Each structure stands twice: as C-alpha cells, then as structure tokens.
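Asks: Need a 3D model of the sequence below.
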Amino acid sequence: MARIILERFLQEHEETPPSKSVINSMLRDPSQIPDGVLANQVYQCIVNDCCYGPLVDCIKHAIGHEHEVLLRDLLLEKNLSFLDEDQLRAKGYDKTPDFILQVPVAVEGHIIHWIESKASFGDECSHHAYLHDQFWSYWNRFGPGLVIYWYGFIQELDCNRERGILLKACFPTDIVTLCHSIA
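Replies: Below is the predicted model:
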C-alpha cells in the first residue's frame, strides 16, 4: 500500500514519472521522500508490515539460522563429515546448499550428496521457486540431495526422488553410510 501511495504522490508532484529504482530507494530509506509527513507514514507502514517488513525478515533469518545450527549439530552427532556454506563460498562456489557431505550417504535407498535446511512449510509455490532457483542448481553442481522442510510439506511435492531431490520433514533416522548404518 505504501508503494502505491508513494507512486501516486510522486506522479502528482514530479514533472517526470518516477522510476522503479527511485521508488525502491525511497521505500528502503523513507528520509528521501520530499514530504516529511508522507515519509513518516511510509516508514510506519514498513516497520509495522507483519508479512514483509524488516522485523519479519529478521525473525525469518533468525529461525532459518537456528535450524541450520540444529542440522549442523545432528550431522556432527552422526559423525558425518561435511562442508558448510561459508566453507564452500571460501572455495569459490556461489550457489551452495547449507551442507555438502564429504562422503555421500543413503537415505531411503537414495544417495545424498548435499542437504538444504528450510525453516518453513513446503507449499507448492515456494517449493517450485526453490526448485528453479536453488535445488536444481545444487543437483547440477553436486549431485542428488536432501531438502528438509522443518515445518512439513505437501506430500505430492516429493515427486523428484528418482531424479535426485528427496524431501523430508525432519532429519532422517535411517542414514546408511559406506561403512555401516547409523541408528
């Protein structure tokens, strides 16, 4: 709503229509808005946005980080050797899953080279976006992998197992390593 109001304000008060980049810049930093009252109102809208505001982004980021730490602890508990995102980026990789297993494992008969943690529910829209933007890139670079949707997922989305992307709602309990099964 703030975007629409800001666009209309600028259209009425500027000689040329504002570009999207100018509007985006003003939404990121409302102090750039020439009208002080409107700047304050836009700021209040952004701060109080319960779906897309900066506070919600911070909460989502913190929850995602907590689940990555949980996954790290579970991998260490199972004595699985891995590289995390930071280590992979230091090696020059740009798109990386949360963890690459240095020695692949099997889960439910499927080989797993990487694991991605998603601290969200896997709905159709977000899962298809993740497949396109992340999972298939990981698959192309690192081979088959596992995605953990910690808050569950629509079961029908787990349809790429045979192609190399396995979905789970928790850390698997039936991991098979090269040496033995971890119970």
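
Asks: Can you list the residue ranges for helices in this protein?
Replies: 2-13, 20-28, 36-48, 54-77, 85-90, 124-130, 136-142 (DSSP state H).

Asks: do you know which of the ones you listed lies nearest residue 174?
Replies: Residue 174 sits nearest to helix 54-77 of all those, at 13.5 Å, using CB to CB. Placement of C-beta: from N, CA and C, glycine included.

Asks: contact partners of that closest one?
Replies: The list of residues contacting helix 54-77 from outside it, by CB atoms under 8 Å, 6 or more residues apart in numbering, reads 46-47, 49-50, 82, 84, 98-99, 115, 117-119, 148, 150, 171.

Asks: Only the buried subset of the residues you listed, as a PyMOL command please.
Replies: Filtering those down to the buried ones (16 or more other CB atoms under 10 Å) takes a single PyMOL command:
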select buried, resi 46+82+84+98+99+115+117+118+119+148+150+171
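
Asks: Return the member of the contacts of helix 54-77 nearest to residue 132.
Replies: Of all these, residue 132 sits closest to residue 118, with 14.6 Å by CB to CB.

Asks: hey, what's the closest one bridged with?
Replies: residue 149 (DSSP bridges).

Asks: who touches the most centrally placed residue in the chain in this structure?
Replies: Centroid-nearest residue in the chain, with CA atoms, centre = their mean: residue 118, separated by 6.4 Å. Neighbouring residues of residue 118 by CB under 8 Å, 6+ apart: 64, 67, 130, 147-150.

Asks: Quick one, which of these are buried?
Replies: Using 16+ other CB under 10 Å, the buried members of the contacts of residue 118 are 64, 67, 130, 147-150.

Asks: May I ask which two of the residues you listed are separated the most?
Replies: Among the buried ones among the contacts of residue 118, 67 and 130 lie farthest apart (CB to CB), at 14.7 Å.

Asks: Based on its surroundings, how many neighbours for the closest residue to residue 96 other than its chain neighbours?
Replies: Leaving aside its sequence neighbours, residue 96 sits nearest to residue 88 (CB to CB, 6 or more residues apart in numbering; 4.2 Å). By the criterion of other CB atoms under 10 Å, residue 88 has 21 neighbours.

Asks: same question, residue 86
Replies: Neighbours of residue 86 under the rule other CB under 10 Å: 9.

Asks: Enumerate every residue touching it.
Replies: Contacts of residue 86 (CB under 8 Å, 6+ apart): none.

Asks: Mind pulling up the pLDDT for it?
Replies: Per-residue confidence (pLDDT) for residue 86: 93.
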